[in-house]
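Visitor: Sequence first, then the predicted structure, then my questions.
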Amino acid sequence: MELKLPFKLKVKYLNANEGGFEGKAVFHEKEYSINIHAHTNEKTIKVPFPVMGVTDDEILVRVSGPSGVYVQDHVKFKGESKWIEIDSDTIFSEIENNQNKFDTMEIFVK
């Protein structure tokens, strides 16, 4: 199943671990692991499913919550992984400051 952007995932939880955050998200009734790390030299995302029409392009990743809090960043799409991997200092810092306030992740073509 190849997906077209944009798409939205339901974030179940994000917990701090050594050097980042790990959690779970649900997309089309399937659960995926999430890893978020702070990287300033290259901001990237990898996802565990094929995405149509995106090849090494910058895309917009937004994490938001029901209270209206959100953070977004433009990151390079780096293909497939076993889980959702996001390397972004911007997203990492905001989740660190508001860890339990996020329940949605959206991924858009820039």
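Guide: Received it, and whenever you're ready, just let me know what you need.
Visitor: Is residue 92 in contact with residue 40, as I believe?
Guide: No. At 9.8 Å, residue 92 does not count as touching residue 40 under the criterion of Cβ atoms under 8 Å. For the C-beta atoms, the positions are set from N, CA and C on the backbone; glycine is no exception.
Visitor: So if I had to pick from these two, which one is more boxed in?
Guide: Set side by side, residue 92 and residue 40 show more neighbours around residue 92, with 21 against 10, by other Cβ atoms under 10 Å.
Visitor: Look up phi and psi at that one.
Guide: Backbone torsions of residue 92, given as degrees, to the nearest 10, read phi -60, psi -50.
Visitor: Now for the residue lying closest to it once chain neighbours are set aside: which residues touch it?
Guide: Distance criterion Cβ to Cβ, 6 or more residues apart in numbering; nearest residue to residue 92, sequence neighbours excluded, is residue 38 at 3.8 Å. Applying Cβ atoms under 8 Å, 6 or more residues apart in numbering, we find residue 38 in contact with 20, 87-89, 92-93.
Visitor: helices and strands of this protein: which one bottoms out on pLDDT?
Guide: strand 104-109 (a mean of 87; mean pLDDT, DSSP states H and E).
Visitor: So which bits of it are buried?
Guide: For strand 104-109, burial by neighbour count (16 or more other Cβ atoms under 10 Å) applies to 105-107.
Visitor: hang on, residue 85 packs against residue 48?
Guide: No. Applying Cβ under 8 Å, one finds residue 85 not in contact with residue 48, separated by 9.0 Å.
Visitor: if you count what's nearby, which of those two comes out ahead?
Guide: Neighbour count, other Cβ under 10 Å: between residue 85 and residue 48, residue 85 has more, with 19 against 14.
Visitor: Residue 17 versus the more buried one, what's the distance?
Guide: Per Cβ to Cβ, to the nearest Å, residue 85 is found 13 Å from residue 17.
Visitor: Next: residue 43.
Guide: Using Cβ to Cβ, residue 43 is found at 20 Å from residue 17.
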